[in-house]
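Q: Here is a sequence with its predicted model. Questions after.
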Amino acid sequence: MSLPRPVIPGRTYLITRRCSERRFFLRPDHETNKIFLYCLGYAAQQAKVGLTFTAMMSNHYHAGINDHDGNYPIFLERFHSLLARCQNAHWGHIENFWSAEPTSVVHLVDPEDALEKLIYTFANPAAADLVDSIHDWPGAHSLAATLSNGSMTVSRPKGFFRDEGTMPMTVILNFERPIGLEEIAADDWVSMVKTKLRETEAAHRDRRRSAGKNVLGRRRVLTQSPFASPASHSPHFQLNPKIAAKSKWSRIEAIMRKKNFIERHRQAFQDYLAGLANIVFPFGTYWWRKFGRLPCETSSVSSLDPCPSTA
């Protein structure tokens, strides 16, 4: 049984998921870009999460979200299910679309951590030596909308959805700033993101120059087979972080809160199995609150209290 994960309203996350066997099932083309954005926007609307940034690579994607109401599991379920079915229909594929490894959901503890992952996401095509900058990347991304707190309107893709179906004809993706970065003036926000992104892409350019490497290039990206995969080997048995915090003390506090939640959740679950009465699961419990209809704390006031003894 996997460890419980707290679902706390008001957190910012970086979401990442890879395609099965690292295959290029998200290789950019006009229809794939439209499918990705339509499914992303629809799932965000259904789950009422705020989109902050996104970039679709050929065999994985990154997306930043503000989980205002603690609904990110609903967002993941609807987005991944819908996107997999649409893309399988697009490519005529009938096997697993997503990798069997769990979706990476990283809590971005402080605003500077969210900004760092935003830059990381938009610099990903350059970091992977695919193109020189995000502006050359043919895949779907939200750089313009993220810079302007703007929106993107996507019409319903053809090929999977019925003409007379109930899915909306258009979906609007509204982008907002990561929590904690909302007060930065618009001009300062644009300047800061552009400068950091330009510096990061320049560093990758210098790295390639030193190694005598070239980018794959937009044209070759677009002609790759969606059923191919990178020639490089993916490392296995690596750490799968759940928290990103550059500040030592923010990181320690976040780890303590998570550890405390797991221990208190485990104790409540053991009490439930033992048939005890008046069990209350800790704040952030998702499954038992939503599907088990069991009582849970309604605030995080006690989230750093000493854990109950498991003796």
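A: On my side now, so go ahead.
Q: which residues in the stretch 101-250 of the chain form helices?
A: Applying DSSP state H, counting those that start in this stretch to the stretch 101-250 of the chain gives helices spanning 111-122, 124-127, 143-148, 186-211, 218-222, 248-273.
Q: is it possible to export those to a markdown table including mean neighbour count and mean pLDDT?
A: For every residue, glycine as well, the C-beta is placed using N, CA and C. Formatted as a markdown table, the entries for the helices of the stretch 101-250 of the chain read as follows, by neighbours: other C-beta atoms under 10 Å; pLDDT from 0 to 100:
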| stretch | mean neighbour count | mean pLDDT |
| --- | --- | --- |
| helix 111-122 | 22 | 98 |
| helix 124-127 | 22 | 98 |
| helix 143-148 | 18 | 97 |
| helix 186-211 | 14 | 98 |
| helix 218-222 | 14 | 97 |
| helix 248-273 | 16 | 95 |
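Q: Quick check: which of those helices is nearest to Phe25?
A: Relative to Phe25, the nearest member of these by C-beta to C-beta is helix 218-222, separated by 14.0 Å.
Q: got a markdown table for the helices of the stretch 101-250 of the chain, with distance to Thr285 too?
A: Formatted as a markdown table, the helices of the stretch 101-250 of the chain follow (distance: least, C-beta to C-beta, whole Å):
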| stretch | distance to Thr285 |
| --- | --- |
| helix 111-122 | 25 |
| helix 124-127 | 33 |
| helix 143-148 | 32 |
| helix 186-211 | 35 |
| helix 218-222 | 43 |
| helix 248-273 | 6 |
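Q: if we compare the ones you listed, which one ends up closest to Ser133?
A: Smallest distance to Ser133 across the helices of the stretch 101-250 of the chain (C-beta to C-beta): 4.9 Å, for helix 186-211.
Q: Give me the helices and strands touching the closest one, please.
A: Other helices and strands packing on helix 186-211, by 3 or more C-beta pairs under 8 Å, 6 or more residues apart in numbering; DSSP states H and E, are helix 111-122, helix 124-127, helix 143-148.
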